[in-house]
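Q: Build me a model from this:
(one chain, ligands or ions: 1)
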Amino acid sequence: MTEGGSAIEATARRACVTGGAGFIGSHLVDALRSRGIEVAVLDDLSSGRLENLSRHQAGVELIEGSVTDPAMCAAAVHGCDLVFHLASRVSVVESMEKPALYRSICAGGTRRMLEAAEAAGVRRLIHAGSCSVYGDAPPPVDENASTSPTSPYAAAKLEAEEHCREFSRERRLEVVCPRFFNVYGPRQRADSPYAGVIAIFAAMAARGEAPIIFGTGEQTRDFIHVSDIIGGLLLAGVACDVGDGQPINLGSGRATSILELAEILGCDPPRHEAGRSGEIVHSLADTTRARRVLGFESAVELERGLQDPELAGPGQA
Ligand SMILES: NC(=O)c1ccc[n+]([C@@H]2O[C@H](COP(=O)([O-])OP(=O)(O)OC[C@H]3O[C@@H](n4cnc5c(N)ncnc54)[C@H](O)[C@@H]3O)[C@@H](O)[C@H]2O)c1
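A: Residues are numbered from 1 along each chain as shown. Below you'll find the predicted structure:
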């Protein structure tokens, strides 16, 4: 997949990546640096890791601070052509315990970044949205499906998108709103109760432990490899006519049950525990719009992506 007509390095000299020390953000930093683009990372290191950026000797400026702090946001976007806004708390379960924190970081932090980007004359902000905003809408979901967040995390991500659309509607800034489905790949943390299922299962399989499945395991997800998400984000940085804040699904278009996933990973027979509240049963992207407006195609088949030995995540067996 290429970035279509104009390559991102032809249109951006410097970009800001919030959450750039995290799982997806650090892969984006790698992709931008490999194209010669200078990067400013704004990250509070709450879940991000300095090791994720350690391969970059030059060209990456780390600003350690929160997207809820306007001075930090202003420092991070200074001189940038593009802003990729990925900083967020990312756990549905934790958001049930701390809804105000999630609203303040995901929704409030997004507004602070939009304000800073507008003030600095940034050309375009790309916001990392989430498929969780669809709730239990029947799959496959396209972007016209009604939104129905079932957790404070999803509600805050939807509110963040509404801020994005307000800024683009009022022509204060071009804003692109991709919605990621379930992203997996190297550097995804497995060492937290809030980690992604693939990182956790891969780590347990590596230790020869049986995975724990919440509920029947028949719930399905649309898993997409992080390299495909990075391809989609780079396209979002350059594509024409997408800066109106309308959502764009980034998924693989394939549904996989949690039981199938455990089998593909070669896990021991799973143990089952009660289902978790706020958890969506089925999730699958209709990616027609992404194909049409971005030229996006996911390229990494799940079976291939799951063979990566680094999937077990940092700090794991
Ligand atoms: N991983 C997925 O499957 C998935 C799916 C849908 C959407 N997303 C979105 O993608 C983005 C990146 O997620 P990820 O999976 O890489 O998670 P991650 O936890 O690895 O990355 C999030 C980063 O944001 C930083 N951060 C958190 N709060 C911050 C704050 N207040 N100020 C500055 N930095 C802060 C963290 O330290 C971390 O580096 C998030 O916006 C998330 O909502 C991820």
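Q: hey, let's count contacts and neighbours off CA atoms from now on
A: Noted.
Q: near the ligand, anything from stretch 94-111?
A: Yes: interface with the ligand: stretch 94-111 contributes I105 (CA under 6 Å from any ligand atom).
Q: ok, so what distance separates A202 from the ligand?
A: 15 Å (CA to the nearest ligand atom, to the nearest Å).
Q: Run a quick neighbour tally on that residue.
A: Look at A202: counted by other CA atoms under 10 Å, it has 29 neighbours.
Q: Would stretch 222-241 count as contacting the ligand?
A: No: contact of stretch 222-241 with the ligand (CA under 6 Å from any ligand atom) is absent, the minimum separation being 8.0 Å.
Q: buried set for the host helix or strand of A117?
A: Per DSSP states H and E: A117 is located in helix 109-119. Within helix 109-119, the residues that count as buried by 16 or more other CA atoms under 10 Å are 109-118.
Q: do stretch 23-37 as well
A: 23-33, 37.
Q: Show me what from the stretch 151-300 of the chain comes close to the ligand.
A: Of all the residues in the stretch 151-300 of the chain, those lying near the ligand are 180-183, going by CA under 6 Å from any ligand atom.
Q: lowest-confidence helix or strand of this structure?
A: Within the chain, no helix or strand scores below helix 197-206, which has a mean of 90 by mean pLDDT, DSSP states H and E.
Q: If you count contacts, what does it end up packed against?
A: On a contact count with 3 or more CA pairs under 8 Å, 6 or more residues apart in numbering; DSSP states H and E, helix 197-206 meets no helix or strand.
Q: what's the distance between that helix and the middle of its chain?
A: Distance of helix 197-206 from the chain centroid (CA atoms, centre = their mean, to the nearest Å) equals 19 Å.
Q: got the phi/psi numbers for the most far-flung residue of the chain relative to its centre?
A: Note on the chain: the largest C-alpha distance from the chain mean falls to P269, namely 30.0 Å (CA atoms, centre = their mean). Backbone geometry at P269, expressed as degrees, to the nearest 10, gives phi -50, psi 130.
Q: burial count for the closest residue to it other than its chain neighbours?
A: Of all residues not flanking P269 in the chain, A210 sits nearest, at 6.0 Å (CA to CA, 6 or more residues apart in numbering). When neighbours are defined as other CA under 10 Å, A210 has 15 of them.
Q: Now do the same for L53: its pLDDT.
A: L53 carries a pLDDT score of 98 in this model.
Q: My guess is I224 contacts I198. True?
A: No: the pair I224 and I198 fails to qualify as a contact (CA atoms under 8 Å) at a distance of 10.9 Å.
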